[in-house]
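J.: A structural model of the following input is requested.
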Amino acid sequence: MAEILFWIIASLTVISALMVVLNNQLLYSAIALLFTLFGVAGLYIYLWADFMAGVQVIGYIGGIFVLLIFWIIFT
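T.: Below you'll find the predicted structure:
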């Protein structure tokens, strides 16, 4: 069961990272980047690195939300 969960999280992370790179629109790339960072945080939780998962969620994902807000304001 644990291996299946790992492969689901890893595949979600890889697919969303590919969507970040291959997407032409900024909003869709930013949303895919959120899923990528959540996937990385899930992998940290899987590895029992709870502090790193918290830093990942608060730091990086919070930064992406701020970028999305600026993008909406500037357009």
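J.: which strands or helices does the helix or strand where Val40 lies pack on?
T.: Assigned by DSSP states H and E, Val40 falls within helix 26-46. Judged by 3 or more Cβ pairs under 8 Å, 6 or more residues apart in numbering; DSSP states H and E, helix 26-46 is in contact with helix 2-22, helix 50-55, helix 62-74. The C-beta positions use only the backbone N, C-alpha and C, and glycine is treated the same way.
J.: separation between Leu22 and Met1?
T.: Taking Cβ to Cβ, to the nearest Å as the measure, Leu22 falls 32 Å from Met1.
J.: these two: which is more packed in?
T.: Taking neighbours as other Cβ atoms under 10 Å, Leu22 and Met1 compare with Leu22 leading, 9 against 5.
J.: give me every residue that touches that one.
T.: If a contact means Cβ atoms under 8 Å, 6 or more residues apart in numbering, then Leu22 has no contacts.
J.: over to Phe6?
T.: Going by Cβ under 8 Å, 6+ apart, the list of residues near Phe6 reads Leu43, Tyr46.
J.: what's the angle from the helix holding Val40 to helix 2-22?
T.: In terms of direction (axes from the mean of the first three to the mean of the last three Cα atoms, to 10 degrees), helix 26-46 departs from helix 2-22 by 160 degrees.
J.: start the count at 7 instead of 1 going forward.
T.: From this message on, residue numbering opens at 7, which makes the last subject helix 32-52.
J.: and helix 32-52, how far out from the chain middle?
T.: Relative to the centre of its chain, helix 32-52 is centred 1 Å away, using Cα atoms, centre = their mean, to the nearest Å.
J.: which parts of it are buried?
T.: 36-51 (16 or more other Cβ atoms under 10 Å).
J.: got the angle between it and helix 68-80?
T.: Using the same axes, to 10 degrees: helix 32-52 against helix 68-80 is 170 degrees.
J.: what sits closest to Phe44 if chain neighbours are left out?
T.: Spatial nearest neighbour of Phe44, excluding adjacent residues (Cβ to Cβ, 6 or more residues apart in numbering): Ile67 at 6.9 Å.
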